[in-house]
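Colleague: Following is a predicted model, sequence given first.
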Amino acid sequence: MDQGSTPWAFFHAGCTRACLSGILEMIAFIEGVLIECQLNLAVIQAGGIGYEINVPLTTSEKLPSLGETVRLHIQASYREDSQTLYGFIDRESRDFFRMIVDKVSGIGPKIALNLLGSLSLPTLKNSIAQGDVGMLSKAQGLGKKTAERIVVELKDKVLPKGTLVSVPVNKTGFDTDNSGNISEVGQDLGTYGDAVSALLTLGYKATDADQAVRRAAEALGKDCTTEDLIRKALGR
């Protein structure tokens, strides 16, 4: 199966291109056994079908070991020459990916995936809300003009500073409560952004600073301060 192609089982007698598009659009998530994992690709076996799913780095680093069960929230893309699945460890990241592609002109799935793979969702939202074009420009494949366009288009649509955002509790992001929803903790957007900025002033690269603070936030939980995040991120 070629990367990004739709499982052959979708192509059955009487399934037209319109029918196929409808099937893809109905996929909210895929839950199954993780068969393969690369930096930007995961293969999940579910119902006897292996689903090849493009994922950002911030999702692939949270995937469980091969052979374990995982759930990815899906955004499907259908074109005349390809059918592609994009997967995210949490619903909020999937919805943010969808918003970028739908609302920002000139941004396709590839750039959006690179953006979510370079910077975590809290950092992205904080940067957009604060108009921090410099931070956004550090994402792979994203120039200053594109970053400016993202700020203009989404500044009023992302959560304002001080809003709680979701940070997965554990590595897999697959802890569920009784209702089947993924358990998450809230991390203050400003606190998270301030910690990332502090590491940048210490010479960290944007992606490294973001990753260090993200892992610190996951370890400490929602009640930590900026100072707590910085100390944890620095290994102190």
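Modeller: In hand now; what should we look at? Numbering: from 1, shown residues only.

Colleague: From here on, just use CA atoms for contacts and neighbour counts.
Modeller: Fine.

Colleague: I'd like the distance from the biggest helix by length in the chain to the chain centre, please.
Modeller: The single longest helix within the chain, with elements called by DSSP state H, is helix 206-220. Between the centre of helix 206-220 and the centre of its host chain there is 14 Å, according to C-alpha atoms, centre = their mean, to the nearest Å.

Colleague: so what does it touch, helix or strand wise?
Modeller: With contacts defined as 3 or more C-alpha pairs under 8 Å, 6 or more residues apart in numbering; DSSP states H and E, the packing partners of helix 206-220 are strand 164-168, helix 189-201, helix 226-233.

Colleague: how about stretch 218-226: buried residues?
Modeller: If you call a residue buried by 16 or more other C-alpha atoms under 10 Å, then stretch 218-226 has these buried ones: 218-219, 221-222, 224-226.

Colleague: how far is stretch 55-66 from where the chain is centred?
Modeller: Going by C-alpha atoms, centre = their mean, the spacing between the C-alpha centre of stretch 55-66 and its chain's C-alpha centre is 10 Å.

Colleague: Please state the backbone phi and psi of the residue nearest the centre of the chain?
Modeller: Residue closest to the average C-alpha location in the chain (C-alpha atoms, centre = their mean): Ser93, at 4.2 Å. When quoted as degrees, to the nearest 10, the phi and psi of Ser93 stand at phi -70, psi -40.

Colleague: so how far is Val43 from it?
Modeller: In this structure, Ser93 lies at 19 Å from Val43, with C-alpha to C-alpha, to the nearest Å as the measure.

Colleague: How about Gly50?
Modeller: To Val43, Gly50 is 6 Å away according to C-alpha to C-alpha.

Colleague: re the thing from before, considering the buried residues of stretch 218-226, which member attains the minimum pLDDT?
Modeller: Ranked by pLDDT, the buried residues of stretch 218-226 bottom out at Lys222, which scores 72.

Colleague: Just say helix, strand or coil for that one.
Modeller: At Lys222, secondary structure determined by DSSP: H, G, I helix; E, B strand; the rest coil is coil.

Colleague: What separation do you get for the closest residue to Ala212 other than its chain neighbours and Ser197?
Modeller: Spatially, and ignoring its direct neighbours in sequence, Ala212 is nearest to Ala233 (5.0 Å; C-alpha to C-alpha, 6 or more residues apart in numbering). Distance from Ala233 to Ser197, counting by C-alpha to C-alpha: 12 Å.

Colleague: And these two? Which one has more around it.
Modeller: For Ala233 against Ser197, the residue with the higher neighbour count under other C-alpha atoms under 10 Å is Ala233, and the figures read 22 against 19.

Colleague: That one reaches Ala216, doesn't it?
Modeller: Yes. Under the criterion of C-alpha atoms under 8 Å, Ala233 is in contact with Ala216, at a separation of 5.4 Å.

Colleague: so who does Val104 touch?
Modeller: Contacts for Val104 (C-alpha atoms under 8 Å, 6 or more residues apart in numbering) come out as 149-150, 153-154.

Colleague: Of the residues you listed - the most surrounded one?
Modeller: Using other C-alpha under 10 Å as the neighbour test, these are led by Ile150, with 21 neighbours.

Colleague: From what I see, that one and Ile128 are in contact.
Modeller: Yes. A contact is recorded between Ile150 and Ile128 when judged using C-alpha under 8 Å, the distance being 7.3 Å.

Colleague: picking up where we left off before, pipe the helices and strands packed on helix 206-220 into a markdown table and attach distance to His73 per row.
Modeller: As requested, those are exported to a markdown table (distance: least, C-alpha to C-alpha, whole Å):
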| stretch | distance to His73 |
| --- | --- |
| strand 164-168 | 14 |
| helix 189-201 | 23 |
| helix 226-233 | 28 |
